[in-house]
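# model the following, please.
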Amino acid sequence: MFDSVQDGGHDSSGVLVPVLIPWLFEWRYGGRSVSLCGSFTRWSESIPMSLAEGRDDVFQVVWNLTSGHHEYKFCVDGQWRYDENQPFAEGACGLVNTIIIAREPDMINSTSSSPTPGRSNMDVDYDIITPAVSLSHGTLQEAIPMISSVDLEVSRHRVANFLSTHTAYELLPDSGKIITLDINLPVKQAFDILHEQGLSVAPLWDFCKSQFVGVLSASDFILILKELGNHGSNLTEEQLEKHTIAAWKEGKLHLTRTMDGNGGSFPRRQLIHAGPYDCMKDVALKILQNKVATVPIIHSSRDGSFPQLLHLASLSGILKCIYRFFRHSLSSLPILQQPICSIPLGTWVPQIGESKPFAMLRPNASLSAALTLLVQAGVSSIPIVDDNGSLLDMYSRRH
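This is a model prediction of the structure:
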């Protein structure tokens, strides 16, 4: 069904045959005539590039590459150029863009070793990073590989460079809508709107101040449910129907003082926001340092009047933007070749990642326990597991 050379990287005599990998090259900065030249053409052949469909500023071409290190440049209207937003280095032809394509595991000559029962007929390829962790009955079977400091630094530098040279404007979708809530709207009605629109957060607008003053999120809903559980009997149904967002925010401020053990003055928190021309690095830092889920992207006139809400930026949106940028050169970020368990991101069980305990619930846990754990653990979702620790379901802030 498949040709043996293409599938295994060998001809019938067992001789190694290089596997060609289609690679998309892009020049995103306009021009009248654009071509590509690189080490893969021995710097002697120019490959014409054509405009991407529906664009008048993006030129593309797909070229087959072998594994290994490649250098290339673009010839734009007769001038040699390199893309400073892609990985680049000093080469024999000056500054050039670079690509590193990892070796494929099926390119190892299978005739050099004898078969081993229960294993594929293949030598170990030390150029390939393979997962060194297997979970059996919930226990670790092998040591977890450590990412090298060089790979970590290369990945960090390239991502940091991307975040520093790209703006929040690039996070904006091609189309969409943003729901804004008036602070004088009843809380119950506000959450009904969020539910109907399938949203977990919405910015708040103060007509008196003519500005955005905050956000209403799933965290507010969780705290309100907890307060109703504690003091709900003291509130009539009519009071619940009329309780405004503004009144809730005042109550939340008092509640925060109580939870922090600070009965004195507590500064009112200003809205954390960013402008469309702020770099993504600053937006990400605002999210992380202020421990918020989203940051509104607001464009205002020079005097600060007539603010326009453009987008709600989040870490997931920034990660998607990073992926879109590097998706055709993932090998330029070595950290992405590591198994997930080698990077202690998120909330892991102690043996794998951080010492922070893994937040879990049993199916018979109460709603109150789930809400409390979401707040205390500072997580967006909690796995529901059985007595053996097997995953049954997930309970999240959006449930």
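# from what I can see Ala369 touches Met360, true?
No - contact between Ala369 and Met360 fails when scored by C-beta atoms under 8 Å: they sit 11.3 Å apart. Glycine gets a C-beta too; all of them are placed from N, C-alpha and C.
# can you list residues touching both of the two?
Taking C-beta atoms under 8 Å, 6 or more residues apart in numbering as the contact criterion, no residue touches both Ala369 and Met360.
# so Trp43: helix, strand or coil?
Under DSSP: H, G, I helix; E, B strand; the rest coil, the three-state class of Trp43 is coil.
# ok, the closest residue in space to it that isn't next to it in sequence - contacts?
Leaving aside its chain neighbours, Trp43 sits nearest to Cys37 (6.0 Å; criterion: C-beta to C-beta, 6 or more residues apart in numbering). For Cys37, the contacting residues are Trp43, Glu45, Ser46, Ile47, Tyr72, Lys73, Phe74, Cys75, taking C-beta under 8 Å, 6+ apart as the criterion.
# farthest pair within those?
Checked with C-beta to C-beta, the contacts of Cys37 reach their widest spread between Glu45 and Phe74, with 14.1 Å between them.
# now do Glu227 against Val213, distance only.
Glu227 sits at a distance of 21 Å from Val213 (criterion: C-beta to C-beta, to the nearest Å).
# correct me, but Ser314 touches Leu288?
No - the pair Ser314 / Leu288 is not scored as a contact, 11.5 Å apart, by C-beta under 8 Å.
# between the two, who's got more neighbours?
Ranked by neighbour count (other C-beta atoms under 10 Å), Ser314 and Leu288 place Ser314 first, with 18 against 10.
# helices and strands of this protein: which one bottoms out on pLDDT?
For the chain, counting by mean pLDDT, DSSP states H and E, strand 135-136 ranks last in confidence among helices and strands (a mean of 36).
# next, the closest residue to Gln197 other than its chain neighbours: secondary structure please.
Across the structure, with C-beta to C-beta, 6+ apart as the measure, the residue nearest Gln197 apart from its sequence neighbours is Ile179 (5.6 Å). Under three-state DSSP, the three-state class of Ile179 is coil.
# for Val62, list each beta-bridge partner.
Listed by DSSP bridges, the beta-bridge partners for Val62 are Leu24.
# tell me the domain ranges of this protein?
When the chain is parsed with automatic domain parsing, its domains come out as 20-103, 169-326, 340-396.
# nearest to Leu333, of the ones you listed?
Each of those has some distance to Leu333 by C-beta to C-beta; the shortest is domain 169-326, at 5.8 Å.
# and the contacts of Cys37 as CSV, adding distance to Pro383 and neighbour count?
Listed next are the contacts of Cys37 as CSV, based on distance: C-beta to C-beta, whole Å; neighbours: other C-beta atoms under 10 Å:
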residue, distance to Pro383, neighbour count
Trp43, 54, 16
Glu45, 54, 11
Ser46, 54, 14
Ile47, 49, 17
Tyr72, 45, 26
Lys73, 49, 21
Phe74, 48, 23
Cys75, 53, 19
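# doesn't the residue nearest to Trp43 lie inside a helix?
No - per three-state DSSP, Cys37 lies outside any helix segment and is strand.
# give me the element the residue nearest the centre of the chain is part of.
Within the chain, one residue has its C-alpha closest to the average C-alpha position: by C-alpha atoms, centre = their mean, that is Leu319, at 2.5 Å. When elements are defined using DSSP states H and E, Leu319 is found to belong to helix 315-326.
# packing partners of that helix?
Other helices and strands packing on helix 315-326, by 3 or more C-beta pairs under 8 Å, 6 or more residues apart in numbering; DSSP states H and E, are helix 149-165, helix 280-289.
# tell me what angle that helix forms with helix 149-165.
Here helix 315-326 runs at an angle of 100 degrees relative to helix 149-165 (axes from the mean of the first three to the mean of the last three C-alpha atoms, to 10 degrees).
# now the helices for this structure?
Listed in chain order, the helices of the chain (DSSP state H) span residues 4-8, 149-165, 187-197, 218-231, 237-242, 245-259, 280-289, 315-326, 367-377.
# for Pro173, find the nearest of these.
helix 315-326 (9.0 Å).
# relative orientation of that closest one and helix 280-289 in degrees?
Using the same axes, to 10 degrees: helix 315-326 against helix 280-289 is 150 degrees.
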